[in-house]
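Asks: need a 3D model of the following:
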Amino acid sequence: MKRRDFSLSVGSALAATTMGLPLAARAKGGKFEEGIEYLELKKPAMTEAPKGQVEVIEFFWYSCPHCNAFEPALSQWMAALPKDVFFRRMPVAFNASFVPEQKLYFALESMDKLKELHAKVFHAIHVERLSLNKDAAIFDWVVKQGLDGAKFKEAYNSFSVANNVRKATQLQAAYNVEGVPSMGVAGRFYTDGTLAGSMQVVLQTVDFLVQKERTT
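Replies: Take a look at the predicted model:
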């Protein structure tokens, strides 16, 4: 989903990737080039990775069909991550209408419910066709998932969640995120499906950049 017009132009490629259909990689022999498969930031972004670990970020939006399609492949990739990779997700906001879904993510995170409900949010939006972009709809949905409604509302409206939304917006700007899903590495590198040609190649590019950062 692109920042400016939220085009679906790369949807078929992303769907093919996650369904396991063959997609040609641009990189030959495992080599990837700056300006082709990835970009190097002019000014490094802040990272939160512990010393000795390489930070990898997925920028996403719950209502993005491409992010939903990418989720199974991403989860499989995450399961095999080496111990020196510090992975985190970051919900984006290209305009104010995205903010409720950012707050949903961070509220679930604060309640230690992401592992249980992250995939269910995607399912609710893209399979059940629920609109979880308004406070009332979100509150109703989380209660149906068995969460304490009062505790969730407290988290959702907390200073901590508001601060995380602010930091997410800053990080999105620092990486100059042009669309989702996309990925950042080590506060230095950015890649997405438009650059790499497919999300399969994005993951290959991220692996390459992690190794590049290890040897820097």
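Asks: which residues of the chain score low on pLDDT?
Replies: Residues of the chain that meet the criterion pLDDT under 70 lie in 1-30.
Asks: what segments of it are helices?
Replies: 11-18, 65-79, 99-110, 114-126, 135-144, 149-156, 159-174, 193-196, 199-214 (DSSP state H).
Asks: please report how far residue 209 lies from residue 126.
Replies: Counting by CB to CB, to the nearest Å, the separation of residue 209 from residue 126 is 29 Å. (C-beta placed from N, C-alpha, C; glycine too.)
Asks: who has more neighbours, these two?
Replies: For residue 209 versus residue 126, neighbours defined as other CB atoms under 10 Å are more numerous around residue 209 (25 against 17).
Asks: show me the contacts for that one.
Replies: Contacts here follow CB atoms under 8 Å, 6 or more residues apart in numbering; on that basis residue 209 touches 32, 38, 185-186, 188-189, 191.
Asks: which one of the residues you listed is nearest residue 79?
Replies: residue 185 (18.5 Å; CB to CB).
Asks: partner residues bridging the closest one?
Replies: Per DSSP bridges, the residues bridged to residue 185 are residue 56, residue 189.
Asks: re the thing from before, and the helices of the chain: which comes nearest residue 53?
Replies: Short answer: helix 199-214, nearest of the helices of the chain by CB to CB, at 9.9 Å.
Asks: give the contact list for the residue of the chain most remote from its centre.
Replies: What lies farthest from the middle of the chain is residue 150; by CA atoms, centre = their mean that is 27.7 Å. For residue 150, the contact set (CB under 8 Å, 6+ apart) is empty.
Asks: noted, bye for now.
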